[in-house]
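1. Coordinates only, no sequence provided:
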């Protein structure tokens, strides 16, 4: 499942169009409800265009506006939801 904000253009991932992509390693997920909660938490923040959490891989791919949020902010949002997140080196 991918959660997207309806009011933001998700085109231009990878830094084009002002958006950036981050991959986060997530700890503490146990089920689909966990991954859905993390997606919803990330998309609720302004500047986050989309979030996809892969439960099996234990990773989240987030498309966001780096002028609004940093990767640290994304990890902090995941932590506030009760999980641990760290950026994956790309």
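-> Yes, it's here. As the structure is a computational prediction, the values presented were derived from the model and not from experiment.

2. For this structure, give me the ranges with low pLDDT.
-> Across the chain, the ranges flagged by pLDDT under 70 are 1-17, 46, 89-90.

3. try 90
-> For the chain, applying pLDDT under 90 flags the ranges 1-17, 44-47, 89-90.

4. Which residue ranges of it form helices?
-> If DSSP state H is used as the criterion, the helices of the chain fall at 32-44, 71-80.

5. Tabulate the ones you listed (TSV), appending mean neighbour count and distance to residue 60.
-> Where C-beta positions appear, they are placed from N, C-alpha and C, glycine not excepted. Output for the helices of the chain, formatted as TSV (neighbours: other C-beta atoms under 10 Å; distance: least, C-beta to C-beta, whole Å):
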stretch	mean neighbour count	distance to residue 60
helix 32-44	18	6
helix 71-80	17	7
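
6. and residue 63, which of these is closest to it?
-> Between residue 63 and the helices of the chain, the tightest spacing by C-beta to C-beta is seen for helix 32-44, at 9.8 Å.

7. relative to helix 71-80, how tilted is the closest one?
-> 140 degrees (axes from the mean of the first three to the mean of the last three C-alpha atoms, to 10 degrees).

8. roughly how far apart are the residue nearest in space to the middle of the chain and residue 37?
-> For the chain, the residue sitting closest to the mean C-alpha position, by C-alpha atoms, centre = their mean, is residue 62 at 3.4 Å. To residue 37, residue 62 is 14 Å away according to C-beta to C-beta, to the nearest Å.

9. One more: residue 76?
-> Counting by C-beta to C-beta, the gap from residue 76 to residue 37 is 15 Å.

10. Residue 30: how many residues sit nearby?
-> 8 (other C-beta atoms under 10 Å).

11. my read: the residue nearest to the centre of the chain touches residue 47, true?
-> No. Using C-beta atoms under 8 Å, residue 62 makes no contact with residue 47, being 10.2 Å away.

12. quick one, strands of this structure?
-> 2-4, 20-27, 48-54, 59-64, 84-87 (DSSP state E).

13. ok so, going back, for the helices of the chain, please prepare a markdown table with the additional fields distance to residue 22.
-> Listed next are the helices of the chain as a markdown table, based on distance: least, C-beta to C-beta, whole Å:
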| stretch | distance to residue 22 |
| --- | --- |
| helix 32-44 | 10 |
| helix 71-80 | 5 |
